[in-house]
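**Student:** Show me how the following folds:
(2 chains)
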Number of protein chains: 2
Amino acid sequence: MSERHDYQRDGRAIYERSFAIIRAEADLARFNELERTVAVRMIHACGVVELAERIAFGHDFAARARAALRAGAPILCDAEMVERGVTRARLPADNPVICTLRDPRTPDIAERIGNTRSAAAMQLWEEQLEGAVVVIGNAPTALFHLLEMIASGAPRPAAVIGVPVGFVGAQESKQALAESELALPYVVVRGRMGGSAIASAAVNALASDAL
Amino acid sequence: MSERHDYQRDGRAIYERSFAIIRAEADLARFNELERTVAVRMIHACGVVELAERIAFGHDFAARARAALRAGAPILCDAEMVERGVTRARLPADNPVICTLRDPRTPDIAERIGNTRSAAAMQLWEEQLEGAVVVIGNAPTALFHLLEMIASGAPRPAAVIGVPVGFVGAQESKQALAESELALPYVVVRGRMGGSAIASAAVNALASDAL
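**Tutor:** Residues are numbered from 1 along each chain as shown, chains lettered A, B, ... in the order given. All right, here's what the predicted structure looks like:
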């Protein structure tokens, strides 16, 4: 049976062509060049150019996140898929990439605080949180709880990638981050869209540029 | 600073409410009940109810994939994020979950066959491919190359989750799977959308129902 297909087999050419299509089709005019690099990779991760309309940056997010990564900041992830999506070879300072969702202490904390395991996992970040790059790609409860922890005196991260996905709390948690009096440097995707691939793509964009 | 937010903190309630919203908003009428379960989880993974219009099942995919999982079929994944997204505790037969992208042999194979590392990684599946559940959530080249391998005599998997994402080859590779004379049981997301979260969500839906 003949099933030879005609397709681009060069990984670098695929990336370059993909990014060119995104820059041609997506409306990135309101972003600065560094933000544009981040937005292009977030769009690349989901295949939807209209994501550009929903991406919002605040409080000098991109420059601050990049500087933090260069300074060796840990990357704290809410989900294992996010952690796995961060390309280690790109990281500018061999930055630690941490996910505490499967930490054996997490289920007990969840029961004690009356919240999800994703939220409970945040409590184990306190020692690494100061100046970290936080990446929430899955759970709205994690993002809400992070804001509560910082408002209650937990250390401040350098930047927050806040792109949880879904139908219950995702939109509201991202709005809470963007409007918070804490004024944390942030990127969000407004509405329901988001997810681990978009989250780790944002890290990879900033890390790549940081090399 | 007061930053106590009002949100649902019960994980089970969040899931139930999310699935109810998706079933109310998405047009799932053309699917059977098992397909509907798969489609709901795929939508849940990306936050886009309109994904339903792009999901296509063929050759009795859902029933065959479920039966294969129950029989202990290995789950072969093109990307580490897909592999990481498969919830092990749900699997009905402690199924092996395999990703060969980082296998030390993969870069040499890629050079030899003149294709991406994602495509090259497929070559290392030959021994597990017979009756397996294949999950392509990232690379169009992997899906194209899989079809070429099977057409050239490689063993047939039981079912293929073909949801690579992106702007170069994604749409074409999924169309090739759906139209292939190989008549493999498949699920695809037509067009550019797809990705590792949607891919592993399809596995988790079938595995969950299989318990």
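**Student:** Quick check, pLDDT for the residue nearest to A:Arg105 when sequence neighbours are not counted.
**Tutor:** Once flanking residues are discounted, A:Arg105 sits nearest to A:Leu124: 6.5 Å by C-beta to C-beta, 6 or more residues apart in numbering or on different chains. Every C-beta, even on glycine, is put in place using the N, C-alpha and C of the backbone. The model reports A:Leu124 with a pLDDT of 97.
**Student:** Tell me the gap between stretch A:108-118 and the middle of its chain.
**Tutor:** 23 Å (C-alpha atoms, centre = their mean, to the nearest Å).
**Student:** Angles on the backbone of A:Cys99, please.
**Tutor:** Taking degrees, to the nearest 10, you get phi -140, psi 120 for the backbone angles of A:Cys99.
**Student:** Spit out the contact partners of the residue nearest to A:Arg105.
**Tutor:** For A:Leu124, the contacting residues are A:Thr100, A:Asp103, A:Arg105, A:Thr106, A:Ile109, by C-beta atoms under 8 Å, 6 or more residues apart in numbering or on different chains.
**Student:** Counting neighbours, which of the residues you listed end up buried?
**Tutor:** With neighbours counted by 16 or more other C-beta atoms under 10 Å in any protein chain shown, those contain buried members at A:Thr100, A:Thr106, A:Ile109.
**Student:** Can you lay out these as TSV showing distance to chain B and secondary structure?
**Tutor:** Below are the buried ones among the contacts of A:Leu124 laid out as TSV (distance: C-beta to the nearest C-beta, whole Å; DSSP: H, G, I helix; E, B strand; the rest coil):
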residue	distance to chain B	secondary structure
A:Thr100	15	coil
A:Thr106	12	helix
A:Ile109	13	helix
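**Student:** close to chain B, is the helix or strand A:Val187 falls within?
**Tutor:** Assigned by DSSP states H and E, A:Val187 falls within strand A:186-189. No - judged by C-beta under 8 Å from any C-beta of the partner chain, strand A:186-189 and chain B are separated, with a smallest distance of 8.9 Å.
**Student:** what angle sits between the lowest-mean-pLDDT helix or strand in chain A and helix B:196-210?
**Tutor:** Taking mean pLDDT, DSSP states H and E as the measure, the helix or strand of chain A with the lowest value is helix A:196-210, at a mean of 92. Interaxial angle of helix A:196-210 relative to helix B:196-210 (axes from the mean of the first three to the mean of the last three C-alpha atoms, to 10 degrees): 150 degrees.
**Student:** for helix A:196-210, the distance to its chain's centre please.
**Tutor:** Worked out by C-alpha atoms, centre = their mean, helix A:196-210 lies 7 Å from the chain centre.
**Student:** Could you do stretch A:22-40 as well?
**Tutor:** 17 Å.
**Student:** got it, and stretch A:109-124?
**Tutor:** Counting by C-alpha atoms, centre = their mean, stretch A:109-124 comes out at 20 Å from the chain centroid.
**Student:** Quick check: end-to-end length of it?
**Tutor:** Distance between the two ends of stretch A:109-124: 9 Å, counting by C-alpha to C-alpha, to the nearest Å.
**Student:** Can you give me the buried ones in it?
**Tutor:** Per 16+ other C-beta under 10 Å, stretch A:109-124 contains these buried residues: A:Ile109, A:Ala110, A:Asn115, A:Thr116, A:Arg117, A:Ser118, A:Ala119, A:Ala120, A:Ala121, A:Met122, A:Gln123, A:Leu124.
**Student:** Now the residues you listed in TSV, please, with extra columns for secondary structure and distance to A:Ala159.
**Tutor:** Formatted as TSV, the buried residues of stretch A:109-124 follow (DSSP: H, G, I helix; E, B strand; the rest coil; distance: C-beta to C-beta, whole Å):
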residue	secondary structure	distance to A:Ala159
A:Ile109	helix	25
A:Ala110	helix	26
A:Asn115	coil	23
A:Thr116	coil	23
A:Arg117	helix	24
A:Ser118	helix	20
A:Ala119	helix	20
A:Ala120	helix	23
A:Ala121	helix	19
A:Met122	helix	16
A:Gln123	helix	20
A:Leu124	helix	20
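**Student:** Can you tell me the number of residues neighbouring the residue lying closest to A:Ala93 once chain neighbours are set aside?
**Tutor:** Leaving aside its sequence neighbours, A:Ala93 sits nearest to A:Gly72 (C-beta to C-beta, 6+ apart; 3.9 Å). Neighbourhood size, A:Gly72 [other C-beta atoms under 10 Å in any protein chain shown]: 13.
**Student:** so A:Ile161 makes contact with A:Val133?
**Tutor:** Yes - using C-beta atoms under 8 Å, A:Ile161 is in contact with A:Val133, at 7.2 Å.
**Student:** okay, and the common contacts of these two?
**Tutor:** In terms of C-beta under 8 Å, 6+ apart, A:Ile161 and A:Val133 are both contacted by the residues A:Ala65, A:Val203.
**Student:** Who has more neighbours out of those two?
**Tutor:** A:Ile161 (32 against 27).
**Student:** Secondary structure of the more buried one: a helix, I assume?
**Tutor:** No - read with DSSP: H, G, I helix; E, B strand; the rest coil, A:Ile161 is strand and lies in no helix.
**Student:** For it, give its distance to A:Tyr186.
**Tutor:** Separation of A:Ile161 from A:Tyr186 (C-beta to C-beta, to the nearest Å): 8 Å.
**Student:** Next: A:Val160.
**Tutor:** Distance of A:Val160 to A:Tyr186, computed by C-beta to C-beta: 5 Å.
**Student:** just A:Gly58 next, same as before
**Tutor:** As judged by C-beta to C-beta, A:Gly58 and A:Tyr186 stand 5 Å apart.
**Student:** Which stretches in chain A count as helices?
**Tutor:** Listed in chain order, the helices of chain A (DSSP state H) span A:11-25, A:33-46, A:61-70, A:80-85, A:106-113, A:117-122, A:140-151, A:170-179, A:196-210.
**Student:** Run through the neighbouring helices and strands of the fifth one.
**Tutor:** With contacts defined as 3 or more C-beta pairs under 8 Å, 6 or more residues apart in numbering or on different chains; DSSP states H and E, the packing partners of helix A:106-113 are helix A:117-122.
**Student:** Can I get the helix it packs on in CSV, CA atoms only?
**Tutor:** These are the backbone C-alpha positions of helix A:117-122, laid out as CSV (Å, rounded to 0.1, in the frame of the first residue of the first chain):
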residue,chain,number,x,y,z
ARG,A,117,-5.0,19.3,46.1
SER,A,118,-3.8,21.8,43.5
ALA,A,119,-4.4,24.6,46.0
ALA,A,120,-2.9,22.7,48.8
ALA,A,121,0.3,22.1,46.8
MET,A,122,0.9,25.9,46.8
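**Student:** what's that helix in contact with?
**Tutor:** A:78-79, A:99-101, A:103, A:106-107, A:109-110, A:112-113, A:138-139, A:141-142, A:144-146, A:149, B:9, B:11.
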